[in-house]
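>>> Would you be able to build a 3D model of this:
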Amino acid sequence: MSSNGPRMFSAEQKAKLTQIITEGMAVLQEVEDLNAGLNETVKAIAEEMEIKPATLKKAIKIAQKARLGETNEAHEELNTILETVGKTL
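Coordinates of the predicted model:
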């Protein structure tokens, strides 16, 4: 913002902003819905197997990170770039 008041957007910019906000809201809602479904499934399986839901959730997160680590190992150049900019696991 400048000292002359709020920024004014062109019609094209307004359309882009409207589109990304609408799409972003839909994606975030979908993520929320998927997480709720996962939580229900985790709770049911944990109850059935007599383990804590938090333990099962932690196992899922660790497994996901391990898979990401395997993928990164397969991409040496990508790892080099990420290491160069200090963005590694």
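>>> just the helices in this structure please.
Taking DSSP state H, the helices of the chain run over residues 11-49, 53-73, 76-84.
>>> Tabulate these (JSON lines), appending distance to residue 4, mean neighbour count and mean pLDDT.
In this view, the C-beta of every residue, glycine as well, is placed from N, C-alpha and C. JSON lines is the format used below for these (distance: least, CB to CB, whole Å; neighbours: other CB atoms under 10 Å; pLDDT from 0 to 100):
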{"stretch": "helix 11-49", "distance to residue 4": "18", "mean neighbour count": "11", "mean pLDDT": "97"}
{"stretch": "helix 53-73", "distance to residue 4": "47", "mean neighbour count": "11", "mean pLDDT": "82"}
{"stretch": "helix 76-84", "distance to residue 4": "41", "mean neighbour count": "11", "mean pLDDT": "80"}
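>>> Just tell me which of these ends up closest to residue 5.
helix 11-49 (16.5 Å; CB to CB).
>>> got the angle between the closest one and helix 53-73?
Relative orientation of helix 11-49 versus helix 53-73 (axes from the mean of the first three to the mean of the last three CA atoms, to 10 degrees): 120 degrees.
>>> any idea how far residue 25 lies from residue 35?
Going from residue 25 to residue 35 by CB to CB, to the nearest Å gives 16 Å.
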